[in-house]
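In: Sequence first, then the predicted structure:
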Amino acid sequence: MPVKTEKIPLSAVKKMPYKTLNRMIKKMREYLKHDGVVQEMFKEYDVDISEIDLIPMKFGTLDVSAKTDHGVIIFSYKLLTDGDFFKDFSYGVHEMTHWLQQTTGTKPTKSSDDDNYLDNPFEQEGFQNQVEYIANQFGEGEAENYVDDLLEHHEIDEEKEREDKKETLMSKV
């Protein structure tokens, strides 16, 4: 993904009061609760949108931007170093997809560590929702840039495979 400018040192972010971090998550919840993409996700899984307030979420030290582990969404502290968490709400969309998958299914979801990450149907659904959200919020060009960066990050170099994955990930845009 694009390299972020660090306006706030990671060490300072990790020392932010719990109340401040919770307020950021609360603002994201409130914003996404009214977003059409998120509302549609909850509707597809037959979960009332008000349950967004019950999803366990926190910030933590991660090698990735965010993850959902046993129904708990964890955002990387690194997302806060550029001083603009709003543009990272798309990770909330992606991880809420996983939360819905994990809490409404009859069996565990396939781990993102198994096989090729971008071939995992659970990840594809998360990225499709995330990319649709980005397109609605920031425009199709931004969504396409995000997908291009994602494919580059995962070293998808073969042209046909790259085109196929891009088409899959951009399918809701």
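Out: Thanks, I have the structure now. Numbering: from 1, shown residues only.
In: which residues of this structure fall in helices?
Out: Counting by DSSP state H, the chain has helices at residues 10-13, 18-33, 36-44, 89-104, 121-138, 140-153, 159-169.
In: I'd like to know which of the ones you listed is closest to V64.
Out: Relative to V64, the nearest member of the helices of the chain by Cβ to Cβ is helix 89-104, separated by 9.4 Å. In this view, the C-beta of every residue, glycine as well, is placed from N, C-alpha and C.
In: Sketch out the low-pLDDT regions of this protein for me.
Out: Within the chain, the stretches with pLDDT under 70 are 1-4, 106-115.
In: ok, now how distant is the residue nearest the centre of it from E158?
Out: Nearest residue to the geometric centre of the chain (Cα atoms, centre = their mean): Y91, 2.2 Å. Counting by Cβ to Cβ, to the nearest Å, the gap from Y91 to E158 is 27 Å.
In: try R29
Out: Taken as Cβ to Cβ, the span from R29 to E158 is 39 Å.
In: Would you mind telling me which of the two has more residues around it?
Out: Ranked by neighbour count (other Cβ atoms under 10 Å), R29 and E158 place R29 first, with 18 against 10.
In: who touches that one in this structure?
Out: The neighbourhood of R29, defined by Cβ atoms under 8 Å, 6 or more residues apart in numbering, consists of 52-53, 55, 57, 92.
In: what do you get if the cut-off is 7 Å, keeping everything else the same?
Out: 52-53 (Cβ atoms under 7 Å, 6 or more residues apart in numbering).
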